[in-house]
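Enquirer: Only the shape, not the letters, is given here:
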């Protein structure tokens with residue numbers, strides 16, 4: 001946020017300097033707006049073109065690009081404006097040097113003058129402003145994808161969307177029933193023997209014992225005694241009887 005504000009201010013200052021530079025002296029007391037756009041491609045002449053046909057036109061176009069780039073927070077557009085301003089300034093210096101044979105800086109008002117410095121400085125400020133701006137793409141990506149240091153575990157994949165490490169606890173969409181989730185059996189002892197086990201564990205018989213009426217309690221005193229076969233004792237010789 002701070003970088004965007006600072007870069008926008010610097011870029012707007014550069015655009016203003018570039019637009020105002022043609023209204024100042026460029027060379028030997030001649031205003032920059034007296035140089036036509038055609039002079040930059042065919043050679044410098046002594047003709048005085050109109051304002052919109054002068055070097056002010058590309059600088060004004062670059063300023064519009066810079067303002068749009070600042071509003072949209074689009075760094076390449078601001079950088080393009082800086083390149084245009086610097087490019088036309090350098091191109092003018094080349095054509096002016098070809099027309100006069102050399103470019104000089106003198107204290108008596110001849111040679112290069114403050115208008116050229118204003119145009120070159122405006123282009124540099126535009127490039128500097130584009131470099132300072134953070135743009136809007138990086139902020140959007142940061143909002144959508146936070147830093148990995150703030151998210152130590154990766155998001156679950158499509159095969160297991162409702163669990164999260166390290167506990168692997170189920171998420172809210174696992175339970176689709178409106179009733180409470182079933183509790184897990186806390187028993188962690190050894191499991192049953194080998195082989196699958198189905199059905200409830202064995203327990204005492206639920207029906208009445210055999211030999212007694214349904215629902216009647218058992219009485220050991222009145223209940224008949226069971227008889228068991230008795231084996232004959234062996235004789236004196238130790239042989240069992242036949």
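Expert: Received the coordinates, thanks. All values derive from a computational prediction rather than experimental measurement.
Enquirer: where do the strands sit along the protein?
Expert: Secondary structure of the chain (DSSP state E): strands located at 25-27, 30-31, 163-164, 169-170.
Enquirer: So which bits of stretch 103-119 are buried?
Expert: Residues 112, 113, 115, 116, 117, 118, 119 are the ones in stretch 103-119 that count as buried (16 or more other Cβ atoms under 10 Å). For the C-beta atoms, the positions are set from N, CA and C on the backbone; glycine is no exception.
Enquirer: nearest to residue 131, of those?
Expert: Residue 131 lies nearest to residue 119 out of the buried residues of stretch 103-119, by Cβ to Cβ, at 19.4 Å.
Enquirer: And the pLDDT for that closest one?
Expert: On the pLDDT scale, residue 119 is placed at 94.
Enquirer: Can you tell me how far the nearest residue to it once chain neighbours are set aside is from residue 101?
Expert: Using Cβ to Cβ, 6 or more residues apart in numbering and skipping residues adjacent in sequence, the residue nearest residue 119 is residue 21, 4.0 Å away. Per Cβ to Cβ, to the nearest Å, residue 21 is found 24 Å from residue 101.
Enquirer: Same check on residue 121?
Expert: Separation of residue 121 from residue 101 (Cβ to Cβ): 26 Å.
Enquirer: number of nearby residues for the nearest residue to residue 127 once chain neighbours are set aside?
Expert: Take residue 127 and drop its neighbours on the chain: the residue closest to it by Cβ to Cβ, 6+ apart is residue 82, 3.9 Å away. Each residue near residue 82 was counted by other Cβ atoms under 10 Å, and the total is 27.
Enquirer: Show me the contact partners of stretch 68-75.
Expert: 4, 7-8, 11-12, 76-78, 80-81, 129-131, 133, 135-136 (Cβ atoms under 8 Å, 6 or more residues apart in numbering).
Enquirer: I should have written stretch 42-54 there, sorry.
Expert: 22, 32-39, 95-96, 98-99.
Enquirer: rerun at 10 Å
Expert: Contacts of stretch 42-54 with the rest of the structure, by Cβ atoms under 10 Å, 6 or more residues apart in numbering, involve 22-23, 27, 30-39, 55-57, 60, 92, 94-100.
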